[in-house]
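Starting from these lines, generate the structure:
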Amino acid sequence: MDIKKQKTKLRKAILEQRNHLTATYRAETSQTISTSLLGLDSFQQSNVIAAYISFGSEFQTDTVIDAALRLGKTIVLPKIEPVGRALSFRTFSGKFDELLSGRWGIPEPNPEKSEVIDYSQIEFIIVPGVAFSEQGVRLGYGGGYYDSVISKLPQSSATVAPTFPIQVVPEVPCEAHDLKVDLLITT
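Model (predicted):
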């Protein structure tokens, strides 16, 4: 089986499992993972934190975003740009009425109410994904957006993936463009 088919098969299997997790389990596990993430030195020492608004059955980012804003950190969220299949990161004040429904219905910053932040300013990034190996190899949703972002971040930026235990697998099919995250946080 070629690598693209392996990725598709694993993506489908993990998403099916994740979608069957109860809302209570996702909320409680997300809270436990958030506590660990918030305690990281790399998080505490960072001023500009890239996050995402949770979608579907993903790890729930709201606790981390709220805590970062309370601590006076700058939160930036991804926006899919219409040209070039790229993500920009834009400031987020914590007001959900400043978000628009983007591609696939994923909430993203309104360009009229946010500023673009250069990748070079991002010190800590919370990376979404479908599956991860214990070594941090990531299987995303298939668009390549975050591989591109990670490749453009300063080497000093911390790339962290909060993930439910079912998303950590022994091996993730990997191609040359697939980049690892620095740290997985799970329960």
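
all helices in the protein, in order from the N-terminus.
With helices called from DSSP state H, the chain shows them at 3-19, 23-38, 41-44, 62-70, 145-152.

Would you mind putting these into TSV with mean neighbour count and mean pLDDT alongside?
Bear in mind the C-beta positions are built from the backbone N, C-alpha and C, glycine included. Formatted as TSV, the helices of the chain follow (neighbours: other C-beta atoms under 10 Å; pLDDT from 0 to 100):
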stretch	mean neighbour count	mean pLDDT
helix 3-19	14	96
helix 23-38	16	98
helix 41-44	14	98
helix 62-70	17	97
helix 145-152	17	93
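
So for Leu179, which of those sits nearest?
Between Leu179 and the helices of the chain, the tightest spacing by C-beta to C-beta is seen for helix 145-152, at 4.5 Å.

What segments of this protein are strands?
Using DSSP state E, the strands found in the chain span residues 48-50, 74-80, 87-92, 99-101, 107-109, 116-117, 124-126, 131-133, 138-139, 158-162, 168-169, 183-185.

how about JSON lines for those strands, with distance to Ile150 added?
Formatted as JSON lines, those follow (distance: least, C-beta to C-beta, whole Å):
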{"stretch": "strand 48-50", "distance to Ile150": "10"}
{"stretch": "strand 74-80", "distance to Ile150": "12"}
{"stretch": "strand 87-92", "distance to Ile150": "11"}
{"stretch": "strand 99-101", "distance to Ile150": "23"}
{"stretch": "strand 107-109", "distance to Ile150": "19"}
{"stretch": "strand 116-117", "distance to Ile150": "16"}
{"stretch": "strand 124-126", "distance to Ile150": "8"}
{"stretch": "strand 131-133", "distance to Ile150": "13"}
{"stretch": "strand 138-139", "distance to Ile150": "9"}
{"stretch": "strand 158-162", "distance to Ile150": "6"}
{"stretch": "strand 168-169", "distance to Ile150": "19"}
{"stretch": "strand 183-185", "distance to Ile150": "13"}
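
Could you say which one of the helices of the chain comes nearest to Val83?
It is, among the helices of the chain and with distance given as C-beta to C-beta, helix 145-152, at 13.7 Å.

by contact count, what packs against the closest one?
Packing contacts for helix 145-152, counted by 3 or more C-beta pairs under 8 Å, 6 or more residues apart in numbering; DSSP states H and E, involve strand 74-80, strand 87-92.

Same list (those) but as TSV, adding distance to Ile3 and mean pLDDT.
Listed next are those as TSV, based on distance: least, C-beta to C-beta, whole Å; pLDDT from 0 to 100:
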stretch	distance to Ile3	mean pLDDT
strand 74-80	25	97
strand 87-92	23	96
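
Sweet, I'm off.
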